[in-house]
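Peer 1: I'd like to go over a predicted model; first the sequence, then the structure.
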Amino acid sequence: MRDVRVMSYGEAIREALDDALAKHPEMLLIGEGVPDPKTIFGTTQGLREKYGAERVLDMPLAENGMTGICIGAALAGMRPVLVHQRIDFALLSVDQLVNNAAKWHYMFDGQQQVPLVIRVIIGRGWGQGPQHSQSLQAMFAQVPGLKVVMPTTVGDAYHLMLEAIADNNPVLFIEHRWLHHVHGEVDKHRPAAELSGAALLRQGADITLAAFSHMSIEALKAATVLDKHGVSVEVVDMRHLNELDVDRVASSLAKTGGKLLIADCAPEMASIGHQLLSKLVLAHRNSLQQAPRLIAYPNHPVPTSHFVANDYYPGAEQIASAVLEILDKSELTESVIRDLQSDLPKDQPDRSFVGPF
Amino acid sequence: MRDVRVMSYGEAIREALDDALAKHPEMLLIGEGVPDPKTIFGTTQGLREKYGAERVLDMPLAENGMTGICIGAALAGMRPVLVHQRIDFALLSVDQLVNNAAKWHYMFDGQQQVPLVIRVIIGRGWGQGPQHSQSLQAMFAQVPGLKVVMPTTVGDAYHLMLEAIADNNPVLFIEHRWLHHVHGEVDKHRPAAELSGAALLRQGADITLAAFSHMSIEALKAATVLDKHGVSVEVVDMRHLNELDVDRVASSLAKTGGKLLIADCAPEMASIGHQLLSKLVLAHRNSLQQAPRLIAYPNHPVPTSHFVANDYYPGAEQIASAVLEILDKSELTESVIRDLQSDLPKDQPDRSFVGPF
Amino acid sequence: MTAMSQAPADLKHLYYQMLRIRRAEEAIARRYAEQQMRCPTHLCIGEEAIAIGVCAHLTTQDKVFSNHRGHGHYLAKGGDLPRLLAELYGFAEGCCGGRGGSMHLTDLAAGFIASTPIVGGTVPLAAGYAWAEQMKKSVTAQGGASAAGGRTPGATNVVVIFFGDGCFEEGVMHETMNFAVLKKLPLLFICENNQYSVMTPLAERQPKRDIYKIAAAHGLTAVSGDGNRVDDVYELAQAAVANARNGLGPQFLELHTHRWPEHCGPNEDDDLGYRNPGELAEWKLRCPLLQTRQVLLAERLSNDAELAHMETKLAEEIEQAFARALQGSRPTIERMGQHLYA
Amino acid sequence: MTAMSQAPADLKHLYYQMLRIRRAEEAIARRYAEQQMRCPTHLCIGEEAIAIGVCAHLTTQDKVFSNHRGHGHYLAKGGDLPRLLAELYGFAEGCCGGRGGSMHLTDLAAGFIASTPIVGGTVPLAAGYAWAEQMKKSVTAQGGASAAGGRTPGATNVVVIFFGDGCFEEGVMHETMNFAVLKKLPLLFICENNQYSVMTPLAERQPKRDIYKIAAAHGLTAVSGDGNRVDDVYELAQAAVANARNGLGPQFLELHTHRWPEHCGPNEDDDLGYRNPGELAEWKLRCPLLQTRQVLLAERLSNDAELAHMETKLAEEIEQAFARALQGSRPTIERMGQHLYA
Ligand SMILES: Cc1ncc(C[n+]2csc(CCOP(=O)(O)OP(=O)(O)O)c2C)c(N)n1
Ligand SMILES: Cc1ncc(C[n+]2csc(CCOP(=O)(O)OP(=O)(O)O)c2C)c(N)n1
Ligand SMILES: [Mg+2]
Ligand SMILES: [Mg+2]
């Protein structure tokens, strides 16, 4: 039986929260702005009205304390989902996340558990600048005991959110701001097995593109155009960050002749792509037949000025160029780039977006 | 002109702080316990008496606030050195370190600067357990704008501390608790050029061992014994974490036939060894001629029980075994391990250590 | 204009300064719709009296730190208007070279050190800066340096931190107050209590009790007042600045006010219904400009013609500031790669 | 022994409980020298009255959170002594399976949820736990569940958080107090003010003002008292527990006391000179046990023979607890790999 509907990524999150609130009477949804009229970019809309102000609530500006309070509530049997509108704010709560949430089950010998979801949003927007658009996923993905998921597709957003909430461990759920606008299918009866490991977003024969979050969308754009030019790209989405599915990448590489491009939405020095590549080399030394490449952001904070957004953020064009270089087909670059070009500035995900967030 | 003296790593830190306090009238030394009778494992001894209570001082238990206060003082021209007795406590200050200190110079277009040193101590001890012996170096090493140094030798401890204090940028200075007891030479007139990049601790021909902090000491132990068994190991100490010197590793590999072992003092998933390996593969794809290996801690928090310390922490024995496996000389393993074995429990750095810290 | 007036309260001058912020903010709001200032922008319309009433007592040697809602503080402290606007447009000539936008302002010459948008982020920095000022003073005092600007010998520069009621919930606030009292820092905490954090009312975030009384319990000299009366603010700040300057330790003012526009962006948003019905309208009646204008006219300190002249003068200044800002140049990504390290 | 006495103050019983902690701590200190308890260990000798006076009012349904100095709280709440000792030795039978040592204790059956050593780390957890208890009550109340143990209908379980004067400096303390008052949580903050954080005296960390008055300004019901008089603590805690139980919101007790041994480890360290001269000696005269014993004898509530009998009984219990603990088994690294995820 299938129950497939098309919706936006943001709507999928909302629907997952809705379904989970209905399913788990002990679930709480809490965060700055959760019940306000802007409803965290629409993702919490109507939930307070439906489930009551005791379960769907705002909170004081106290990220570390409130994280600890949610951990305490989780220990007592609640199932809190704590939302930060930007991952930058979660930096205030690293103490509670790393010292407590991630370790609690372990350090008390399995006697206690912390079913806690932390929703954080990364990514660009209108000149969010150095303190409001960091890409800190790798920092959190290296903490033993903390699960970190970063879904790309609309279907994954729905199902991984449900999974995260049902999980009896702390899960950091990372949404790229620009994914909220993307539309796709949600099949509520999708088998759970499809949610583990990396996700194969597109089959291809010439090269493996292992991508993260919004860069998977860019990778798909590039792949579509490259296909028209006779280049077949396989896109693997690395949605589980604390357990990178290198086996999946290796088996793709076996098909594509060991040619690998990694595309991440983070500065190079903060890219979890390094961990992916290293683990691949350690576990599947012969999987690479050619020099791999990593596309990431420059190694400095994000400047606010929209004039440099296009150059700061790599996208489908940079991915396509790199693919063609790896495949030694740079003669195609010019025409592929021409096909890819859009006149939408890179500080807007689509025409409907007019800031100021 | 040389001025060489033998001292312990802890004494070298103390002497660097002393010399820097004398040289920079604007330097402050602050931290919980800095002026107390235990003097941060001896590293701040006598400094308050010498430089006064205004410049050498204790502080309230408020890691985030005090980090911000030190940043503010640095903006106003002071040169604070803030000490945390354990890196775990620095997790409370990630907000100020990452959101402010690391970005300030950049985000204000170079108009302001933050000459700040954060001294943190990692490593083992008597059953410090999950919240008091984390190895978080990789988490901090991925932040653009934050310099991260982790010296291994006594000479580097002295000079890199002086450099860190004179630096007009925030520097995280990481000391492994067990290095404090190690003795070595300090040459006060050592040329500055010797401080950049990775440090070649031992020349060798058969394999390259890229190691971090206390694992470099273990690597040297292993190398000494392996040498007697006819195996020549080159040991490269990766002291600068935010700028891993992959070129140095690559040139060593050129000599040792592309055989690489990385040894880190952190859980595997939190190892900066992954970044090292990935960068190496990206920049020097053909430098590896054989499957590399990474030695690190298990992927879970550090359990307190001393009964498992020996198994939790890899050391010279594990390094030697791995070297012999890579070199396909496992027939030597038994006798090498025999030569390496010590009856000192792995929760003690030496006989003089009797806890409780 | 200078924000460094040491003269006794000249209400007309204070009015002019407030009006300047109001008209500048309105102009920003108007032009924001052109979609050329592409960064989050938090306007302070309705809250001008606090910045002006406090900064009136500061010299350029005194320092100010601020938060996401920083335009008013920046201008009140004497920050350069064209460079603020250029920053909003993302030009290289912006006060942060286009790196920060509205939420990151600086003008070192004016003593406006910085505003940044992580709530609470600048609070301890201000304390650290004040601590350094205090230490430096003790050094120059030994060297026999003279006290500046007619101040008592031994007086120091002061540092001011502006923040909101929401910010008061952050733990770092309390860590900072504790240290400030411990060290008797020459520091002023100015809490702009506008009852909202984004769209969340105070009652969903804090229990019923006074903010300033917590500061008082920490050991600060703390009072509250009407943040929409520039004369009140001026008076409270006068005493507070004098106290801080003369070694009496950190001072805390809780000033009640209200933001008129939406939290972030150029528009009003009363239609969203998160404010109590009639709340905004009532606060508009308590407009700091309106109230001051009434006094100025009632007490014949000014007249319609003079007030109209102020408008013209400001309209010109702001017009020119925009013109100047718009001549800015686009920063390149290469330039943006600089200054990672000092 | 049970820590769940609901009876009126039985001073003899309180004395016995305090003595039990004292003797257990002393035994730990003695055996620590054998270098078999290889973990940082913070003893509470000299501070026993607080744990006992507070926990006397709790049922097993009530919960306790604690910090690095947790042995006393654990025992007062009814935590299992042999499992505490086994934990110190690092055995698999320890209350955390050897994973935590002295600084990580738990006994869920007794309602002692957890102690951990990051200062301030457990403070918000206690509030979160209390919040959940409050919400659950509102659910069961709807379901018509009966109130436990002779309590007023509508009364809830309470949660207690023990922490030190140093901890009060952490921002998370204030974040937690704000939320606790906002939600009127059934939560007791017990501040053990022993004037030191490690070896740093209060005066180097906090200005002169009362800790509990800051809590009061936050809106908590807050009082201070003599933490070395178990009868005083008992009385203050009785009122506080009743208030919290009956919906009057969070309560704060600042209790003055002093730690006798070194901050961490089995020895005295008065020779290090960080305490004021004579300070420790004076506090020893105010020993909570000594003071109680004097009352017991003066008021003929007990006699030398009975007191001697207590000693024998406790010596036996502790001896047996060690014997039992020392039968523990060594955990393996394989076992230590388990339970990373639930
Ligand atoms: C640490 C942190 N958390 C959350 C935010 C999002 N945020 C930006 S402004 C703001 C409201 C702050 O309220 P207040 O301090 O009262 O200042 P106001 O906007 O009312 O002037 C919030 C929650 C942030 N920028 N930083
Ligand atoms: C966040 C953090 N900072 C520093 C420490 C080191 N430390 C352990 S106990 C302690 C003293 C705490 O003092 P207090 O809260 O008064 O408790 P007491 O030891 O006096 O009982 C300190 C600083 C820590 N464990 N956690
Ligand atoms: Mg506000
Ligand atoms: Mg104390």
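Peer 2: Noted; the coordinates are in hand. Keep in mind the model is a prediction, meaning the values are calculated, not measured. Numbering: from 1, shown residues only, chains lettered A, B, ... in the order given. Ligands and ions are numbered 1, 2, ... in the order given.

Peer 1: Tell me where the stretch 1-150 of chain A has helices.
Peer 2: A:9-23, A:39-42, A:47-51, A:63-75, A:87-90, A:94, A:104-107, A:137-141 (DSSP state H, counting those that start in this stretch).

Peer 1: can you pull out the helices in chain C?
Peer 2: Using DSSP state H, the helices of chain C run over C:11-32, C:48-55, C:71-76, C:81-89, C:123-143, C:171-182, C:211-218, C:230-245, C:279-285, C:288-298, C:304-326, C:333-336.

Peer 1: Say whether chain B is contacted by the shortest one.
Peer 2: To tie it back to what came earlier, the one meant is helix C:333-336. No: judged by Cβ under 8 Å from any Cβ of the partner chain, helix C:333-336 stays clear of chain B, getting no closer than 9.1 Å. Backbone N, C-alpha and C define where each C-beta goes, glycine included.

Peer 1: on contacts alone, who are the packing partners of that helix?
Peer 2: Other helices and strands packing on helix C:333-336, by 3 or more Cβ pairs under 8 Å, 6 or more residues apart in numbering or on different chains; DSSP states H and E, are helix A:309-312.

Peer 1: contacting residues around the spatially closest residue to residue C:320 that is not a sequence neighbour?
Peer 2: In space, and not counting its chain neighbours, residue C:320 is closest to residue C:82: 8.0 Å by Cβ to Cβ, 6 or more residues apart in numbering or on different chains. Contacts for residue C:82 (Cβ atoms under 8 Å, 6 or more residues apart in numbering or on different chains) come out as C:93, C:320-321, C:324-325.

Peer 1: just the angle between the helix or strand of chain C with the lowest mean pLDDT and helix C:171-182, please?
Peer 2: Using mean pLDDT, DSSP states H and E, the weakest-scoring helix or strand in chain C turns out to be helix C:123-143, at a mean of 82. Comparing the axes of helix C:123-143 and helix C:171-182 via axes from the mean of the first three to the mean of the last three Cα atoms, to 10 degrees yields an angle of 20 degrees.

Peer 1: buried set for helix C:123-143?
Peer 2: For helix C:123-143, the neighbour count (16 or more other Cβ atoms under 10 Å in any protein chain shown) marks C:123-137 as buried.

Peer 1: if I read this right, residue C:92 contacts residue C:327, doesn't it?
Peer 2: No: assessed by Cβ atoms under 8 Å, residue C:92 is found out of contact with residue C:327, at 11.1 Å.

Peer 1: Compare these two (neighbour count), which wins?
Peer 2: Just comparing residue C:92 and residue C:327: by other Cβ atoms under 10 Å in any protein chain shown the higher neighbour count belongs to residue C:92, 18 against 11.

Peer 1: Where among the helices of chain C is average confidence lowest?
Peer 2: Lowest mean pLDDT of those: helix C:123-143, a mean of 82.

Peer 1: Enumerate every residue touching the residue in the stretch 51-200 of chain C positioned nearest to ligand 4.
Peer 2: Residue nearest to ligand 4 within the stretch 51-200 of chain C: residue C:178 (14.9 Å; Cβ to the ion). Residues near residue C:178 by Cβ under 8 Å, 6+ apart: B:60, B:62, B:65, C:218, D:169, D:205-207.

Peer 1: which stretches of the stretch 251-357 of chain A have low pLDDT?
Peer 2: By pLDDT under 70, the low-scoring segments of the stretch 251-357 of chain A are A:343-346, A:350-357.

Peer 1: ranges for the strands of it?
Peer 2: Applying DSSP state E, counting those that start in this stretch to the stretch 251-357 of chain A gives strands spanning A:260-267, A:293-297.

Peer 1: looking at these, which is buried most?
Peer 2: Burial of the strands of the stretch 251-357 of chain A is given as mean neighbour count (mean count of other Cβ atoms under 10 Å in any protein chain shown); strand A:260-267 ranks first at a mean of 26.

Peer 1: if I pick the residue nearest to residue C:99 when sequence neighbours are not counted, what's in contact with it?
Peer 2: Excluding its sequence neighbours, the residue lying closest to residue C:99 (Cβ to Cβ, 6+ apart) is residue A:303, at 4.4 Å. Contacts here follow Cβ under 8 Å, 6+ apart; on that basis residue A:303 touches A:129-130, A:312, C:98-99, C:331, C:336.

Peer 1: cool, residue C:339 as well?
Peer 2: B:105-106, B:109-110.

Peer 1: With pLDDT, neighbour count and distance to chain C added, can I get these in CSV?
Peer 2: As requested, the contacts of residue C:339 are exported to CSV (pLDDT from 0 to 100; neighbours: other Cβ atoms under 10 Å in any protein chain shown; distance: Cβ to the nearest Cβ, whole Å):
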residue, pLDDT, neighbour count, distance to chain C
B:105, 98, 23, 5
B:106, 98, 26, 5
B:109, 98, 24, 3
B:110, 98, 16, 3
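
Peer 1: coming back round to it: need the contacts of residue C:178 in CSV with neighbour count, can you?
Peer 2: Output for those, formatted as CSV (neighbours: other Cβ atoms under 10 Å in any protein chain shown):
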residue, neighbour count
B:60, 23
B:62, 31
B:65, 33
C:218, 26
D:169, 28
D:205, 23
D:206, 24
D:207, 19
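
Peer 1: The residue of the stretch 151-300 of chain C found nearest chain B - how many residues pack around it?
Peer 2: Scanning the stretch 151-300 of chain C for proximity to chain B using Cβ to the nearest Cβ identifies residue C:175 as nearest, at 2.8 Å. By other Cβ under 10 Å, 31 other residues sit near residue C:175.

Peer 1: That one touches residue C:120, doesn't it?
Peer 2: No: counting by Cβ under 8 Å, residue C:175 stays clear of residue C:120, with 9.7 Å between them.

Peer 1: Domain parsing of chain A, as residue ranges.
Peer 2: Following automatic domain parsing, one gets these domains for chain A: A:7-194, A:199-340.
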